[in-house]
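> Here's a sequence, model it:
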Amino acid sequence: MVTEKQPNPAMAFVLDALKQNNSVSYAEVKEAGMARGFTIQPVTYGFAKRLLGLVASKPRAKRTASPKAKAQGASRVPPSPRTGRSSIDDPLQATMQSLRELVQERDQLRDLLMAIQQLVKDVR
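Residues are numbered from 1 along each chain as shown. Okay, here's the model as predicted:
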């Protein structure tokens, strides 16, 4: 059973207020909203004005891949070293491999910190 997302009642209130009078100020909408028990934020007021086309806004930029990602190709998931297949084939294996790499890096950094600590002790 699919249910539709219910609109935010505060946003619906602001939209109704702006539809009735598109030159109403934020302060007036906020005051009327507080009388009805709504908390009206400036971002809600601005978004409602944008939805109704009352303010000019730039079209949102589409997400594109970075030049580095384009140079590497479409696949973002590196092939698994053992099988040569993409690790996306087995997400659990990919997660385990990442965890192993993090543990290895942690151990290397811990050893380095221990060596630095020993050097500091030797200097004293």
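
> contacts and neighbour counts: CA atoms only from here.
Noted.

> Sketch out the low-pLDDT regions of the protein for me.
Applying pLDDT under 70 to the chain picks out residues 1-6, 65-89.

> how does it divide up, domain by domain?
Annotated domains of the chain cover 9-51, 86-124 [automatic domain parsing].

> out of these, deepest packed?
Comparing the domains of the chain by mean neighbour count (mean count of other C-alpha atoms under 10 Å), domain 9-51 comes out on top with a mean of 15.

> Tell me which stretches of this structure form helices.
For the chain, the helices defined by DSSP state H occupy 9-20, 26-36, 42-51, 67-72, 91-123.

> follow-up on the earlier one: would you convert the domains of the chain into TSV that also reports distance to residue 59?
Shown next, in TSV, are the domains of the chain (distance: least, C-alpha to C-alpha, whole Å):
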stretch	distance to residue 59
domain 9-51	11
domain 86-124	34
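
> Would you tell me which of these gets closest to residue 58?
With C-alpha to C-alpha as the measure, domain 9-51 is the member of the domains of the chain nearest residue 58 (10.2 Å).

> Next, report how far that closest one is displaced from the centre of its chain.
With C-alpha atoms, centre = their mean, to the nearest Å as the basis, domain 9-51 stands 26 Å off its chain's centre.

> now do the same end-to-end measure for that domain.
Chord length of domain 9-51, first to last residue, is 16 Å (C-alpha to C-alpha, to the nearest Å).

> for stretch 19-33, same thing?
For stretch 19-33, the end-to-end distance is 15 Å (C-alpha to C-alpha).

> Just the residues contacting that stretch, thanks.
Residues from elsewhere that reach stretch 19-33, judged by C-alpha atoms under 8 Å, 6 or more residues apart in numbering: 10, 13, 14, 17, 18, 39, 40, 41, 42, 45, 52, 54.
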